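Peer 1: Sequence and computational prediction follow.
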Amino acid sequence: MRLSRRHFLGAAGAVTTLSLWPGLSALAADGDTRLLVVLLRGGVDGLHVLPPRGDADYARLRGALAPRDALALNADFALHPALPFAHGLYARGQLLPVVAIAPPYRQRSHFEAQDCLENGTASASGASTGWLNRCVAALHGGQALSVSAVMPLIMRGPGAATTWSPPLPEDVNPILLQRLQSLYAADPRLSDAFARALDSQGVGMDAARARGGRLPQAMTAAARFMAAADGPRLGFVEDSGWDTHSNQAAVLARKLGELDAGLRAFHDGAPAVWDRTAIAVVSEFGRTAAVNGTAGTDHGTGGLALLAGGAVKGGRIAGDWPGLAPSALNEGRDLRATSDLRGLFKGLLSAHLRIGDSALETQVFPDSRAAPAMRGLVA
Amino acid sequence: MTTRESVSAVNRFGLGAAPGQLARIGDPRAWLHAQLRGDGAQARFAGLPASLDYVRREADYYRERQAARRQGESAKDVANFGQRFREDQLHEFGRRYQVAVASDQGFVERLVRFWSNHFAISIDKRAAALYAAPMEREAIRPHVLSNYADLLLAVETHPGMLRYLDNVRSVGNDSPLAQRARRRRARADGDAPKREPGLNENLAREILELHTLGVDGGYAQADVTELARAITGWGVPTTRELAAGRASSAFVFRAAAHEGGTRQVVGRRYAEGGLEQGRAILADLAAHPSTARHLSYKLARHFVGDTPPPALVARLTAAWQRSNGDLPTVYAALIDAPEAWGEGARKFKTPDEFVVSALRASGATPGDKPRALIALLARMGQPPFTPRSPAGYADEAAEWSGPDGLWKRVQAAQSLSESAPAARVDALATARELFADALDADTAGALRRAESPRDGLALLFASPAFQWRC
């Protein structure tokens, strides 16, 4: 695989004129940490991933749907048995589940909830750029990579972000590229994206051959890029297939197996930066507390976030557990959300990426004082 | 005479110019209006199996597999689902792309694909896999030029949608079926169902959020639940019903699973009426002002620009409400709206539109089983009928114009130029067929200097000018 400084320094665009090694100088000051956001689209059932075995109402609500042979974490919570690697991370203090968390959006549309999570505001239409992209701008010389064929909202904006996914096998005729270069330079809407495309051409063919589902493949690729000495400090990976309206036990056993394989793939693929890495696995909302009529669950509110990585202060459960008693449920049907996802992200950006408070409050998460940064997420 | 508006009519309203088309169409508005009197080219799909055939063959397959297992044959001896049905799927896709590439009714073809993406279902879900292409030709094509209420009802009663959004499994909590199951479980009958059947609100939610009113259209959780109850029993024939010879259609209304009683949805009460109750609700939703606004916005965005002019959306909404959801009236309002022909009107092609327009321009014909074409679309991020959610594929440039997407277009342009028939390999002539004299001088100059005719064609397809529907 060809992976060189050129590929990502180029993505930082005009910054290169200010310093010969803009990436390195910024990194030296900031501690060279890495943040990977993994968005599980569809609304993950946190109550199935992290069964609250200490909650007396859980068995009543979930009955036979409660996973058997869950892996104990503490007296109150266990982890789904398809997550043995994550369980091992917990034992090493490198996994931190955060319970009852959600973006500030309170309706039940996937698409609006995802837009809200990605644009980093209090509503689906609150911004047309993504908070990860705004974060790149605040990093001064940092770069961001989305492992996806299309640019997701969370990465859209003027900051230096690029997309990558396994390329088509054909080699591209360099002359064709030369001629296209001047044509695209004249199209203001496409010139920037085309310049970045040229810069990362052909990278990562072997990552495309990795096996075991889309999420492990994407996390293998993310590890390759982010483990490089001057690799992107911000990464984004997405997966779908988590909207489990029916037969969710079987679906989640498979999908959680993929998530576990993905965490392992990143860990094994990026040993050089693992100790400086935080991975945030999030979803747009949780699901109904009770089982529906088809052995699944419907759209709910309070969800689950998992932080993983060598930099994470794990081995414990974070967040406030509101309980599953009938009176504690949101609208009598969902786990109440007691934490705002923006607070989690702000906590990571502040302590892990060392983004200053003013940039955090005005630029990355404007108007988010209602969601103060969570403290103590990273060591 | 070929005008800028002719270029827009074939490239932005249609699926892209085919050889000779620009010169033939005459008055562009009249050409578009004339297409509204067609039938959705249903005859081009003659000879393909009906959904009921697929339902039967799928039931046969699962029966054979069970029998084989009972006889102790290992899984290897029985073809898996993909092996059994892959050829059928390829045939369906082959016909779909052949029609798209050959059609001279590009506006109607684009409308079919627009509604197909609006009512997105994914073949990633095994239960729906065989019905996505059939839903487009059985439910959408016949109603693409009808009233929206007819289109909506045809889709919501098609096995593809009923299975994709789980309605086939939804059972009213007080339905005869659920009551019987409760009684049998209570007396620990050995054959009692292992779990109690119940309601699934997935389809009802997406009908309100995506198919009709829109997420801000003025409905609440209670409306979702009520609509879900009203459409309990809307399903697909079971193996047992097929074996008993009781199935004459791929849609069945199963009264035993239906939740009786009056329902209240979006402020209106609906008397108990079995199947008719759900149909009445859908008819009202189709004509609701929020639906008119939501879908007028989507149409305007699809045909004119990512941020469509509010005046255009208002015109289409008014036409929708005036005609009670008569789609040809709405399309006619789009054709006649000045905003639809403005200088700024343009759309970035999705990967599917990019590939189809390149095939049309190069005069290529997709094969009967277009494996390479499907693989190409998959690598570009838009395999047919495989959106990652029921919201369908995005209809905005920001989603498709990232670095990775552009890079893959360059690679795809090379492949497509290599598959063009020898007689068509003249990039400058092809560009003239697409843009008349509206092609910019830089692109024309680059095409003139191309190293070889095929390189010229690759350059044309990869050029920024070709990425836009102008």
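Peer 2: That came through, no problem. Numbering: from 1, shown residues only, chains lettered A, B, ... in the order given.

Peer 1: quick one, what contacts residue 335?
Peer 2: Went with chain A since none was named. Residues in contact with residue A:335 (CB atoms under 8 Å, 6 or more residues apart in numbering or on different chains) are A:46, A:47, A:100, A:286, A:289, A:300, A:301, A:302, A:303, A:322, A:324, A:329. All C-beta spots, glycine's among them, are computed from the backbone N, C-alpha and C.

Peer 1: let's do chain B instead
Peer 2: B:13, B:29, B:32, B:33.

Peer 1: For the first one, which non-adjacent residue is closest in space?
Peer 2: Spatial nearest neighbour of residue B:13, chain neighbours left out: residue B:107 (4.9 Å); criterion: CB to CB, 6 or more residues apart in numbering or on different chains.

Peer 1: chain center to the one helix or strand the one you found maps to: distance?
Peer 2: Assigned by DSSP states H and E, residue B:107 falls within helix B:106-118. With CA atoms, centre = their mean, to the nearest Å as the basis, helix B:106-118 stands 7 Å off its chain's centre.

Peer 1: Check stretch A:254-273 too.
Peer 2: Per CA atoms, centre = their mean, the centroid offset for stretch A:254-273 relative to its chain is 13 Å.

Peer 1: Dump the helix holding residue B:107 to PDB, keeping only the CA atoms.
Peer 2: Output of helix B:106-118 as PDB, limited to C-alpha atoms (Å, rounded to 0.1, in the frame of the first residue of the first chain):
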ATOM      1  CA  GLY B 106     -36.800  10.100 -20.800                       C
ATOM      2  CA  PHE B 107     -39.100  12.300 -18.700                       C
ATOM      3  CA  VAL B 108     -41.500   9.500 -17.800                       C
ATOM      4  CA  GLU B 109     -38.500   7.100 -17.200                       C
ATOM      5  CA  ARG B 110     -37.000   9.700 -14.800                       C
ATOM      6  CA  LEU B 111     -40.400  10.000 -13.000                       C
ATOM      7  CA  VAL B 112     -40.500   6.200 -12.600                       C
ATOM      8  CA  ARG B 113     -37.100   6.200 -11.000                       C
ATOM      9  CA  PHE B 114     -37.900   9.300  -8.900                       C
ATOM     10  CA  TRP B 115     -41.000   7.500  -7.400                       C
ATOM     11  CA  SER B 116     -39.100   4.300  -7.100                       C
ATOM     12  CA  ASN B 117     -36.500   6.000  -4.900                       C
ATOM     13  CA  HIS B 118     -39.200   7.900  -3.000                       C
END
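
Peer 1: So what touches the helix or strand just after that helix?
Peer 2: Per DSSP H and E, the first helix or strand lying C-terminal to helix B:106-118 is helix B:132-135. The contact list for helix B:132-135 (CB under 8 Å, 6+ apart) reads B:48-51, B:54, B:89, B:92-93, B:96, B:116, B:119, B:121-123, B:155, B:158-161, B:384-385.

Peer 1: do stretch B:181-193 as well
Peer 2: B:196, B:197.

Peer 1: in that stretch, what's buried?
Peer 2: Across stretch B:181-193, burial judged by 16 or more other CB atoms under 10 Å in any protein chain shown covers B:181, B:192.

Peer 1: distance between the ends of it?
Peer 2: 6 Å (CA to CA, to the nearest Å).

Peer 1: Over it, what's the mean pLDDT, rounded is fine.
Peer 2: Across stretch B:181-193, the average pLDDT comes to 82.

Peer 1: about what we covered before: which one (most neighbours) among the contacts of residue A:335?
Peer 2: Highest neighbour count within the contacts of residue A:335, by other CB atoms under 10 Å in any protein chain shown: residue A:303, with 31 neighbours.

Peer 1: what's the closest non-adjacent residue to residue A:254?
Peer 2: Closest to residue A:254 by CB to CB, 6+ apart is residue A:82, at 7.8 Å.

Peer 1: tell me the pLDDT at that neighbour?
Peer 2: 97.

Peer 1: what's in contact with the helix holding residue B:107?
Peer 2: B:9-10, B:13-16, B:32, B:35-36, B:38, B:40-41, B:99-100, B:103, B:135-136, B:140-141, B:144-145, B:151, B:210-211, B:295, B:298-299, B:302, B:331, B:352, B:385, B:387, B:392-393, B:395.

Peer 1: So for that helix, what gets flagged as buried?
Peer 2: Neighbour counts over helix B:106-118 (16+ other CB under 10 Å) mark B:106-118 as buried.

Peer 1: Need the pLDDT of the residue nearest to residue B:13.
Peer 2: 98.

Peer 1: and if you look at residue A:211?
Peer 2: 45.

Peer 1: same question, residue A:172
Peer 2: Looking at residue A:172, its pLDDT is 74.

Peer 1: doesn't residue B:412 make contact with it?
Peer 2: No. Counting by CB atoms under 8 Å, residue A:172 does not reach residue B:412; the two are 10.5 Å apart.

Peer 1: Of these two, which one has the most company?
Peer 2: Legend: neighbour count by other CB under 10 Å for residue A:172 and residue B:412, higher for residue B:412 (23 against 20).

Peer 1: Look up how far residue A:314 lies from the more buried one.
Peer 2: Distance check for residue B:412 against residue A:314: by CB to CB, to the nearest Å, it reads 44 Å.

Peer 1: Of all pairs in the buried residues of helix B:106-118, which one is the farthest apart?
Peer 2: B:106 and B:118 (18.3 Å; CB to CB).

Peer 1: Correct me if wrong: residue B:278 contacts residue B:231.
Peer 2: Yes. Residue B:278 lies in contact with residue B:231 (CB under 8 Å); the separation is 4.4 Å.

Peer 1: one step back: buried subset of the contacts of helix B:106-118 as a ChimeraX selection?
Peer 2: One line in ChimeraX is enough to select the buried members of the contacts of helix B:106-118, burial here meaning 16+ other CB under 10 Å:
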select /B:9,10,13,14,15,16,32,35,36,40,41,99,100,103,135,136,140,141,144,145,151,210,211,295,298,299,302,331,352,385,387,392,393,395
